[in-house]
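> This is the structure alone, sequence omitted:
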Ligand code: NAD
């Protein structure tokens with residue numbers, strides 16, 4: 001098929017998108033595929049090969065958000081009354097559709113944002129895992145039942161849905177992150193309006209199509225494509241949207257928090273990170289080397305949990321660093337669809353320029369560049385937004401490259417003398433998402449687990465690789481205390497109601513009748 005052919009609206013089979021075709025996607029509102037009211041569109045291009053147009057999408061605005069919220073509010077009236085086990089069955093059916101279509105979905109995702117196929121398969125798998133996990137929640141959704149202090153009285157609590165949830169997602173996990181939000185919202189009895197990132201609108205769209213195929217009633221999940229300002233802000237501000245779940249940068253998260261504050265709208269924020277891997281003198285260095293390579297340069301360093309600092313003790317730095325630099329320089333860059341490639345492009349040229357600006361800052365701050373530090377423009381790489389894996393040595397804790405999220409393949413190495421110093425340096429950033437320590441000393445490992453300020457700590461594993469069945473999120477400027485993933489995600493998407501049933505047949509006064 002000609003790569004530039006735009007399929008007529010609605011012509012592509014639901015959920016299908018082959019890796020050369022260009023598809024004209026529409027919004028999904030009330031179960032119908034509709035263009036933006038303005039009829040405007042935007043393009044989604046492959047960052048490895050910008051001549052590859054993945055799709056066109058509606059450039060929506062506040063009026064489209066209003067339509068979607070109205071559809072979600074209408075669907076809520078009946079969806080909240082569907083029992084949780086029945087709601088979960090639809091989610092599990094969607095998982096089966098995603099599983100059958102995994103390869104195709106992964107290839108579309110690699111085209112839209114660049115990460116290598118093994119990782120986009122993992123991204124789809126995470127959505128499948130989340131669907132099975134949340135599917136099982138349909139038969140739990142536990143509350144608490146406790147004894148009453150009064151006779152002939154029952155005291156228990158139940159979970160209730162919130163209403164219409166507004167979901168706003170980033171581009172780096174194009175299907176996994178929407179799945180962490182959509183599935184728990186649905187099992188809890190909520191309806192949804194989702195705005196995916198403009199760099200990766202196709203993957204979230206295909207996820208919602210799988211849900212529709214699985215039997216989700218019209219209007220329960222609505223997709224509105226478009227920018228943060230034109231679509232994200234109206235979702236946040238809409239009075240009929242009862243809850244916002246946002247994953248993205250801390251800067252935008254703070255803006256959303258300020259907008260939600262006047263109405264006290266419920267808000268779950270999963271934000272940026274400046275994650276570190278500690279390597280102690282007694283560590284298994286081969287293991288630590290594999291860990292830092294994967295943590296720093298997997299997903300081209302564009303994970304919220306990516307290892308952007310390596311904190312290494314004096315005794316092992318000389319043994320570790322030359323090997324690390326050698327391996328980083330050998331990583332093969334290229335189109336993520338090529339099985340021989342280790343590292344794909346960064347998501348777009350603006351992101352690449354931002355990464356390079358940080359490299360310049362690092363040089364000016366006096367850090368020593370060990371490798372990388374430039375655009376990768378050899379041969380066919382020139383057309384795409386590639387950046388060489390970069391390692392800085394002699395980084396100190398107060399340097400900006402040690403404190404600020406760069407969100408690219410840049411690793412800062414800091415040298416310390418002890419575990420206490422390592423933990424102090426690790427904690428010395430505004431963020432607190434993921435962390436890791438490599439050591440064979442169980443006492444050191446347990447002290448690190450206790451003292452590190454982060455939502456996630458790995459022992460003898462890299463900073464990346466969270467599983468859906470544990471709480472996911474972080475402290476400080478990484479979030480506002482919610483945890484999506486694990487059983488805690490249900491708390492984000494449900495409201496507690498305490499229920500007292502007095503079967504004494506008389507007025508009983510708690511705290512007084514004793
Ligand atoms: P971003 O904050 O720029 O955008 C995220 C989403 O918000 C996008 O859909 C965007 O269109 C929308 N948006 C932008 N401005 C908005 C506004 N004012 N109001 C409402 N919506 C708005 O982030 P990004 O570049 O897409 O993603 C990278 C960031 O996401 C990094 O900081 C990364 O650490 C973070 N992230 C965090 C987690 C986590 O779970 N903690 C996971 C993945 C990514």
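That came in fine, so what should we check first? These figures come from a predicted structure and were not determined experimentally. Numbers count the residues shown, from 1 in each chain.
> need the contact list for residue 466.
By C-beta atoms under 8 Å, 6 or more residues apart in numbering, residue 466 lies in contact with 305, 434, 456, 472, 485. For the C-beta atoms, the positions are set from N, CA and C on the backbone; glycine is no exception.
> Save those residues as CSV, and put in neighbour count too.
What follows is those, written out as CSV (neighbours: other C-beta atoms under 10 Å):
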residue, neighbour count
305, 25
434, 30
456, 23
472, 25
485, 21
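> Which one of the residues you listed is nearest to residue 129?
Proximity of the contacts of residue 466 to residue 129, judged by C-beta to C-beta, is greatest for residue 485, which lies at 10.3 Å.
> just checking, the closest one touches residue 473?
Yes: assessed by C-beta atoms under 8 Å, residue 485 is found in contact with residue 473 at 7.5 Å.
> Next one: residue 470 from the ligand, what distance?
Taking C-beta to the nearest ligand atom, to the nearest Å as the criterion, residue 470 is separated from the ligand by 13 Å.
> Just the pLDDT for that residue.
The predicted structure scores residue 470 at 98 on the pLDDT scale.
> and residue 370, that one's in a helix?
No: for residue 370, which was evaluated using DSSP: H, G, I helix; E, B strand; the rest coil, the result is strand, with no helix membership.
> check contacts around it.
321, 325, 391, 392, 393, 413.
> taking those one by one, which sit in helices?
Counting by DSSP state H, the contacts of residue 370 place 321, 325 in helices.
> Top of the contacts of residue 370 by number of neighbours, please.
Neighbour counts for these peak at residue 392, which has 28 neighbours (criterion: other C-beta atoms under 10 Å).
> who's in contact with the nearest residue to that one once chain neighbours are set aside?
Leaving out its chain neighbours, the residue that sits closest to residue 392 by C-beta to C-beta, 6 or more residues apart in numbering is residue 367, at 4.1 Å. In this structure, residue 367 makes contact with 392, 393, 394, 395, 399, 401, 412, judged by C-beta under 8 Å, 6+ apart.
> for the last one, which residues make a bridge with it?
The reference is to residue 412. Judged by DSSP bridges, the bridge partners of residue 412 are residue 309, residue 392.
> give the contact list for it.
Residues near residue 412 by C-beta under 8 Å, 6+ apart: 308, 309, 310, 362, 367, 392, 395, 399, 401, 402.
> where's the fourth one, which helix or strand?
Same thing as residue 362. According to DSSP states H and E, residue 362 maps onto helix 349-365.
> about what we covered before: reformat the contacts of residue 466 as TSV; add distance to the ligand.
Below are the contacts of residue 466 laid out as TSV (distance: C-beta to the nearest ligand atom, whole Å):
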residue	distance to the ligand
305	8
434	9
456	10
472	6
485	9
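> Redo the residues you listed as JSON lines? Include distance to residue 338.
Formatted as JSON lines, the entries for these read as follows, by distance: C-beta to C-beta, whole Å:
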{"residue": "305", "distance to residue 338": "25"}
{"residue": "434", "distance to residue 338": "29"}
{"residue": "456", "distance to residue 338": "31"}
{"residue": "472", "distance to residue 338": "31"}
{"residue": "485", "distance to residue 338": "31"}
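> contacts for stretch 483-497?
Where contact means C-beta under 8 Å, 6+ apart, the residues beyond stretch 483-497 that reach it are 130, 134, 137, 141, 143, 157-162, 165, 180-181, 184-185, 187-190, 243, 245, 247, 268, 270, 455, 466, 468-473, 482.
> What residues of that stretch count as buried?
By neighbour count, and taking 16 or more other C-beta atoms under 10 Å as the criterion, the buried residues in stretch 483-497 are 483, 484, 485, 486, 489, 490, 491, 492, 493, 494, 495.
> possible to save the contacts of residue 367 as a markdown table with pLDDT and distance to the ligand?
Listed next are the contacts of residue 367 as a markdown table, based on pLDDT from 0 to 100; distance: C-beta to the nearest ligand atom, whole Å:
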| residue | pLDDT | distance to the ligand |
| --- | --- | --- |
| 392 | 98 | 20 |
| 393 | 98 | 24 |
| 394 | 98 | 25 |
| 395 | 98 | 20 |
| 399 | 98 | 19 |
| 401 | 98 | 16 |
| 412 | 98 | 16 |
